[in-house]
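Undergrad: Next input, structure requested:
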Amino acid sequence: MNPGILDPFFSHQMGEEPKMSEILLIHPKEGERVFGGMPPLGLAWIASYLESEKYSVTLIDLQISDKTFAKILEETKPKILGIAGTSHTRYESFKLAKEAKAYDKDIFVLYGGSHATFTAEDSLKHVPEMDVVVRGEGEISTLQVVETVLRNRQDLSEIDGISYRTNGKIIHNEPRQRIQDLDRLPFPRRNMEEMKKYDLKMDFLDIPAASIMSSRGCPINCSYCSASAMFGVKLTLRSARNVVDEIEQLLTDYGVKGIKFFDSTLTLKRSHILSLCEEINRRRLKFPWECEIRVNTVDKDLLKTMKDAGCYYMDFGVESASPRVLKEMHKGISIGQVENVFKWTKEIGLLTKVFFTFGHIGETIEDARITMDFIDRHKDFITSQGGGVGIKIYPGTRVERYAYETGCLAEDFSWAAPYHDEKAEFFGGAPHVPLLIQPQMGYKELNQLRYTLIRKKLKDPMNAVRAVKDAWDKNNLKKVWTVAKGIIRTRLSH
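TA: Sure thing, here's the model as predicted:
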């Protein structure tokens with residue numbers, strides 16, 4: 001390993017992208033813009049990390065680029081292509097790899113991200129255009145692959161955290177140890193002109209926002225989430241000074257007015273969130289911010305401290321009001337804790353986005369009714385409701401393992417093979433990501449739950465007006481028609 005890779009880093013100088021680069025990093029286009037469009041922080045961290053080692057890097061987010069991939073390849077002529085991706089964008093990632101090899105078979109292609117991490121064998125087996133899969137945290141592994149390839153070396157065997165082929169055999173090297181001192185990483189790469197193309201806003205305030213992460217990892221290991229498996233159950237933290245330095249740069253240099261923390265849970269470690277609030281107040285910074293919490297990690301005093309430091313809106317997952325279902329999903333919370341947070345946020349004046357999801361392992365219609373009743377009884381404490389019907393199966397999760405065990409996923413299921421579930425279109429999201437379908441919670445039950453939630457939502461006059469506006473928007477026609485068909489089908493079946 002290069003002894004300099006954890007040395008202090010120089011700051012990235014903003015300016016025009018170079019026309020030719022040794023390394024091209026690509027973020028695929030999403031089917032729909034998520035979170036209003038936000039820069040890919042993981043890929044941006046890798047870009048700045050490689051640049052700190054003096055490599056020439058071009059980072060392109062196809063969510064906002066108006067260039068074709070063919071044009072990008074022609075302009076940059078990369079020696080190495082790094083493709084990020086999720087389960088939702090996996091087919092687009094595969095397509096980019098194929099296009100790159102068709103353009104120049106000597107381009108060395110890396111594939112990384114949460115989906116790649118848990119499907120390394122499958123991806124390398126079925127997508128020959130991919131040369132290496134980077135598993136887990138990508139900075140150091142990517143750098144070491146870059147060093148090896150650009151120095152015309154062939155041996156990848158000493159690089160932890162990667163999978164690759166040699167002599168027709170797929171090799172999985174040892175996992176990469178987690179980066180312990182996140183302060184030693186440079187800030188994620190950002191470009192002023194590109195930042196203007198994103199439309200990330202602070203909810204209810206309609207002011208420009210930026211996303212930031214102050215930690216990596218989650219020790220909770222909920223059944224449906226791959227965050228714990230991706231980073232391991234160990235939580236690593238940036239210092240408050242380092243985080244607020246980045247926030248101050250965003251507020252000062254990028255025209256940002258608010259911050260969205262995208263940590264899995266910002267309040268997992270009390271000393272961390274308290275130090276962040278203290279540092280924000282010490283610098284007399286005034287800006288609104290949003291974060292995700294867990295109801296078993298906060299109390300009224302902490303919530304008040306967060307509000308005093310600028311927090312106005314917090315997200316948290318309840319998922320189900322059935323204690324049995326909560327236990328099965330390893331959520332680690334109680335309904336009493338949820339109700340306490342509802343009471344405290346109301347008293348303090350904090351807005352809430354609360355997530356409820358239906359279709360979990362072992363969940364029944366009766367469990368779902370318990371959750372529906374809970375939502376109705378507590379609607380005055382919920383500013384915005386998130387979540388939905390149908391639990392998507394993601395690689396690396398307990399839900400995926402359960403799906404294989406119960407036959408919901410066939411033994412020979414491949415994440416690289418074409419997949420589209422027309423029955424799942426009514427639930428929204430991505431029908432090319434499989435749903436957990438169970439004997440007691442199949443399509444019929446899920447359709448009825450989705451129909452019930454839509455009816456409840458349309459009883460709110462504001463939601464009804466918004467639905468009418470969406471129906472007249474030509475960009476939403478397909479989505480509206482899909483929902484309409486689902487409603488008609490569900491009603492006819494009863």
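Undergrad: gap between W289 and K71?
TA: Distance from W289 to K71, counting by Cβ to Cβ, to the nearest Å: 38 Å. C-betas here are computed from N, CA, C, even on glycine.
Undergrad: between these two, who's got more neighbours?
TA: W289 (23 against 11; other Cβ atoms under 10 Å).
Undergrad: In the sheet, which residues pair with that one? Tell me.
TA: I259, C311 (DSSP bridges).
Undergrad: So for G31, what's the pLDDT?
TA: pLDDT for G31: 68.
Undergrad: can I assume N173 is in contact with T166?
TA: No. With contacts counted by Cβ atoms under 8 Å, N173 stays clear of T166, the gap being 10.9 Å.
Undergrad: list residues touching both of the two?
TA: Common contact partners of N173 and T166 (Cβ atoms under 8 Å, 6 or more residues apart in numbering): L156.
Undergrad: Give me the more crowded residue out of those two.
TA: Taking neighbours as other Cβ under 10 Å, N173 and T166 compare with N173 leading, 17 against 11.
Undergrad: what residues are up against the more buried one?
TA: Counted by Cβ under 8 Å, 6+ apart, N173 has contacts 156-164.
Undergrad: Please identify, among those residues, the one with the most neighbours.
TA: I162 (27 neighbours).
Undergrad: Assess the claim that that residue and V133 are in contact.
TA: Yes. The pair I162 / V133 is scored as a contact, 6.6 Å apart, by Cβ under 8 Å.
Undergrad: in the stretch 101-250 of the chain, which ranges drop under the pLDDT threshold?
TA: For the stretch 101-250 of the chain, no stretch has pLDDT under 70.
Undergrad: And the strands in the stretch 251-400 of the chain?
TA: 258-261, 289-292, 311-319, 351-358, 384-389 (DSSP state E, counting those that start in this stretch).
Undergrad: tell me the SS of the closest residue to G85 other than its chain neighbours?
TA: Leaving aside its sequence neighbours, G85 sits nearest to S93 (Cβ to Cβ, 6 or more residues apart in numbering; 3.7 Å). Secondary structure for S93, judged by DSSP: H, G, I helix; E, B strand; the rest coil, is helix.
Undergrad: isn't S93 right next to Y111, touching?
TA: Yes. At 6.3 Å, S93 counts as touching Y111 under the criterion of Cβ under 8 Å.
Undergrad: between those two, who's got more neighbours?
TA: Using other Cβ under 10 Å as the criterion, S93 and Y111 rank with Y111 on top: 29 against 25.
Undergrad: Would you confirm that that one belongs to a helix?
TA: No. Read with three-state DSSP, Y111 is strand and lies in no helix.
Undergrad: Quick check: it touching T86?
TA: No. Applying Cβ under 8 Å, one finds Y111 not in contact with T86, separated by 11.6 Å.
Undergrad: State the number of residues packed around the nearest residue to L182 once chain neighbours are set aside.
TA: Leaving aside its sequence neighbours, L182 sits nearest to R238 (Cβ to Cβ, 6+ apart; 4.5 Å). Neighbours of R238 under the rule other Cβ under 10 Å: 23.
Undergrad: rewinding a little: as JSON lines, the strands of the stretch 251-400 of the chain with distance to S65 and mean pLDDT would be great.
TA: Formatted as JSON lines, the strands of the stretch 251-400 of the chain follow (distance: least, Cβ to Cβ, whole Å; pLDDT from 0 to 100):
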{"stretch": "strand 258-261", "distance to S65": "22", "mean pLDDT": "98"}
{"stretch": "strand 289-292", "distance to S65": "27", "mean pLDDT": "98"}
{"stretch": "strand 311-319", "distance to S65": "29", "mean pLDDT": "98"}
{"stretch": "strand 351-358", "distance to S65": "30", "mean pLDDT": "97"}
{"stretch": "strand 384-389", "distance to S65": "29", "mean pLDDT": "94"}
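Undergrad: Kindly reformat the ones you listed as CSV containing distance to Q63.
TA: Shown next, in CSV, are those (distance: least, Cβ to Cβ, whole Å):
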stretch, distance to Q63
strand 258-261, 16
strand 289-292, 21
strand 311-319, 22
strand 351-358, 23
strand 384-389, 21
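Undergrad: for the ones you listed, which one sits closest to C218?
TA: strand 289-292 (10.4 Å; Cβ to Cβ).
Undergrad: about what we covered before: from S211, how far out is the residue nearest to G85?
TA: Separation of S93 from S211 (Cβ to Cβ) stands at 21 Å.
Undergrad: secondary structure class for L96?
TA: Going by three-state DSSP: L96 is helix.
Undergrad: contacting residues for it?
TA: L96 touches 26, 28, 69, 81, 83, counting by Cβ under 8 Å, 6+ apart.
Undergrad: gap between it and S48?
TA: From L96 to S48 the distance is 22 Å (Cβ to Cβ).
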